[in-house]
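Colleague: Pasting a predicted model and its sequence here:
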Amino acid sequence: MSLARTLGIGLTGLNGQLIEVEADVGNGIPAFILLGLPDAALNESRERIRSAARNSGIPLPNRRLTVNLTPATLHKRGSGFDLAILLAALAADRSITPAPGVVYVAELGLDGSLRPISGVLPAVMAAVRDGYPNVVVAAQNQSEAELVAGASVRSYAHLSQVLADCGANPLELQYRARHDSPARTTAGWSATRSPALDLSEVVGQTQGRYALEVAAVGGHHLLFTGPPGAGKTMLAQRLPGLLPDLDDAQALETTAVHSLAAGGRPITSLLRRPPFESPHHSASMVALIGGGSGVPRPGAASRAHRGVLFLDEARIRQTPFNVSTVEKT
Amino acid sequence: MNHNQELGAAGEELAAVYLTGAGYTVLERNWRCNIGELDIVAETDGQVVGVEVKTRSSLGFGHPAEAVNPQKLRRLSRLVRQWCVTHRRNPHTVRVDVLAILMAPGREPSIEHLIGVDS
């Protein structure tokens, strides 16, 4: 009967791809069909969308609703498509007319509130790279999305506000805000990191300091051996303090990795200092190099991108890293 | 007759009036055979249409058309073809429609006509 399209971003690791969300309202028994290889979280978005739409005042059409995420062969994951799917569905029903060329990246709550997702930074980077700088995100994701140069970010707290901007009849809209939602920790993730230690605090250790400086300048790997208490760990922890600030491109890359690893925690600033990762010597292979079922999550090695991966007690490590050393990636 | 049966009968009455107004010819109502019952058999432009009428007095238990599940839909298409066979009509051009009627007390009934739901 009628068709509409919106845009979303699918993430595979750090690589975002523009996904077209097509919705078709057809004649038939009421149903909601979601095509395009959705995972479990995405399949559940049908129920979230139905409730969010009703609680915002514009229910979904009681028709056969078919939503297709193209390219259809790419596996789509996560809840970040909720908003794009809902707007496509309502637009296909002619309830609203969203502006073309806008990318929507947000999860929906049952009450219609827009919720933040993890990995907004790489998603917005992908949108800007593909030539769609207009991005709509949840309010809590705004500061993270705005870190991308060239992106024009709009953020909303509630679906009814999005619908009002898409030309919905304001008299029909309802705003049911959550009152007792747990406040997300606003303490910046970078604040949880200890300040870089300085090599000037080290007395003596001429050889060790020289080795550190050479490694920092040349980007070399470094192995410290010696008896306990010789100062290996102390020296290694001071390597990040020697490294220069990250430039814009490096900072964006590094922050994108941490955006995925942050698991939805708000990211408010670019990571400008080289990260320092010091996984415990009993850390598993997956914790070190990343992995996980379905969605690959960055491990310590990825989080140390453009920084220092410090493997203490390398001899008693149980993972194949046990020949590795302090490494500047 | 209990309340729901009365509601259903009123809905089918309304549906017949609506279909006639929309240019359909009502051929038969409440046709029964061994596999079930067709609410209305109508004809438009030479095509036989089996119409399932679903009437509800509120949306409290969902939209009326949601009650037509895939199993019911299959039975409906079989029923229409069965009707065609019994009445010596061509069973290959049939179609199934659903009329979802909402009869809220004290309000004008609303009718939604879902055309060709079996395709």
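Modeller: Nice, thanks for sending it over.

Colleague: got the contact list for A:Val257?
Modeller: For A:Val257, the contact set (Cβ atoms under 8 Å, 6 or more residues apart in numbering or on different chains) comprises A:14, A:298, A:302-303, A:305. For every residue, glycine as well, the C-beta is placed using N, CA and C.

Colleague: A:Glu277: which of those residues is nearest?
Modeller: Nearest to A:Glu277 among the contacts of A:Val257: A:Arg303, at 5.1 Å, using Cβ to Cβ.

Colleague: List the beta-bridge partners for the closest residue to the closest one other than its chain neighbours.
Modeller: Nearest-residue entry for A:Arg303: A:Glu277, 5.1 Å, with adjacent residues in sequence omitted and distances by Cβ to Cβ, 6 or more residues apart in numbering or on different chains. Beta-bridge pairing for A:Glu277 (DSSP bridges): A:Leu309.

Colleague: wait, doesn't A:Glu277 sit right on A:Leu309?
Modeller: Yes - using Cβ atoms under 8 Å, A:Glu277 makes contact with A:Leu309 at a distance of 5.2 Å.

Colleague: any residues in contact with both of those two?
Modeller: What both A:Glu277 and A:Leu309 touch, as defined by Cβ under 8 Å, 6+ apart, is the set A:300-301.

Colleague: more neighbours, the two?
Modeller: In terms of neighbours (other Cβ atoms under 10 Å in any protein chain shown), A:Leu309 is the more surrounded of A:Glu277 and A:Leu309; the figures are 25 against 20.

Colleague: Distance check, the more buried one against chain B.
Modeller: 55 Å (Cβ to the nearest Cβ, to the nearest Å).

Colleague: now A:Val286
Modeller: Separation of A:Val286 from chain B (Cβ to the nearest Cβ) stands at 42 Å.

Colleague: Dead centre of chain B: give me the residue that sits there.
Modeller: Nearest residue to the geometric centre of chain B (Cα atoms, centre = their mean): B:Glu52, 2.0 Å.

Colleague: beta partners for it?
Modeller: As for beta bridges, B:Glu52 partners with B:Val98 under DSSP bridges.

Colleague: confidence score at it?
Modeller: At B:Glu52, the model reports a pLDDT of 93.

Colleague: I'd guessed it sits against B:Ala65; true?
Modeller: No - B:Glu52 lies out of contact with B:Ala65 (Cβ under 8 Å); the separation is 9.0 Å.

Colleague: and A:Gly8, how many residues sit next to it?
Modeller: Neighbourhood size, A:Gly8 [other Cβ under 10 Å]: 26.

Colleague: and it, backbone torsions?
Modeller: As for A:Gly8, its main-chain torsions (degrees, to the nearest 10) stand at phi -140, psi 180.

Colleague: Spatially nearest residue to it (excluding sequence neighbours)?
Modeller: Spatial nearest neighbour of A:Gly8, chain neighbours left out: A:Ala84 (3.7 Å); criterion: Cβ to Cβ, 6+ apart.

Colleague: Could you say which helix or strand holds the one you found?
Modeller: In this assignment (DSSP states H and E), A:Ala84 forms part of helix A:82-92.

Colleague: Just list what that helix packs against, helices and strands only.
Modeller: strand A:2-12, strand A:15-26, helix A:45-55, strand A:64-70, strand A:103-105, strand A:107-108, helix A:159-165 (3 or more Cβ pairs under 8 Å, 6 or more residues apart in numbering or on different chains; DSSP states H and E).

Colleague: Quick one: these as TSV, columns for mean pLDDT too.
Modeller: Shown next, in TSV, are the helices and strands packed on helix A:82-92 (pLDDT from 0 to 100):
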stretch	mean pLDDT
strand A:2-12	91
strand A:15-26	92
helix A:45-55	92
strand A:64-70	93
strand A:103-105	96
strand A:107-108	93
helix A:159-165	92
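
Colleague: so can I have CSV of these showing distance to B:Gly36?
Modeller: Below are the helices and strands packed on helix A:82-92 laid out as CSV (distance: least, Cβ to Cβ, whole Å):
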stretch, distance to B:Gly36
strand A:2-12, 33
strand A:15-26, 26
helix A:45-55, 31
strand A:64-70, 23
strand A:103-105, 45
strand A:107-108, 40
helix A:159-165, 42
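
Colleague: Can you say which of those is packed in most?
Modeller: The highest mean neighbour count among these, using mean count of other Cβ atoms under 10 Å in any protein chain shown, belongs to strand A:103-105: a mean of 27.

Colleague: same for it, what does it pack against?
Modeller: Strand A:103-105 sits against strand A:2-12, helix A:82-92, helix A:120-129, strand A:134-138, with contacts defined as 3+ Cβ pairs under 8 Å, 6+ apart.

Colleague: roughly how far apart are the residue lying farthest from the centre of chain B and chain A?
Modeller: No residue in chain B sits farther from the centre than B:Gly106, which is 23.9 Å out by Cα atoms, centre = their mean. According to Cβ to the nearest Cβ, B:Gly106 stands 22 Å off from chain A.

Colleague: secondary structure class for that residue?
Modeller: Following DSSP: H, G, I helix; E, B strand; the rest coil, B:Gly106 is assigned to coil.

Colleague: Can you tell me the closest non-neighbouring residue to A:Ala287?
Modeller: The shortest distance from A:Ala287 to any non-neighbouring residue, by Cβ to Cβ, 6+ apart, is to A:Gly299 (5.6 Å).

Colleague: related to what we said a few turns ago, nearest to B:Gly21 among the contacts of A:Val257?
Modeller: Closest approach between the contacts of A:Val257 and B:Gly21, by Cβ to Cβ: A:Leu14, at 60.4 Å.

Colleague: What is the neighbour count of the closest one?
Modeller: Residue neighbour count, defined by other Cβ under 10 Å, stands at 19 for A:Leu14.

Colleague: can you pull the pLDDT of it?
Modeller: 81.

Colleague: I'd like the distance between it and chain B.
Modeller: Computed as Cβ to the nearest Cβ, the A:Leu14 to chain B distance reads 41 Å.

Colleague: For stretch A:242-254, C-alpha coordinates in CSV please.
Modeller: Extracted C-alpha coordinates of stretch A:242-254, given in CSV (Å, rounded to 0.1, in the frame of the first residue of the first chain):
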residue,chain,number,x,y,z
LEU,A,242,56.7,9.7,27.7
LEU,A,243,54.5,9.3,24.7
PRO,A,244,53.1,12.3,22.9
ASP,A,245,49.4,13.3,22.8
LEU,A,246,47.3,11.5,20.2
ASP,A,247,46.5,13.5,17.1
ASP,A,248,42.9,13.9,15.9
ALA,A,249,42.6,10.8,13.8
GLN,A,250,44.4,8.6,16.4
ALA,A,251,42.2,10.0,19.2
LEU,A,252,39.1,9.3,17.3
GLU,A,253,40.2,5.7,16.5
THR,A,254,41.1,5.1,20.1
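
Colleague: Buried ones in it, by neighbour count?
Modeller: Buried residues in stretch A:242-254, defined by neighbour count with 16 or more other Cβ atoms under 10 Å in any protein chain shown: A:242-243, A:246, A:250-254.
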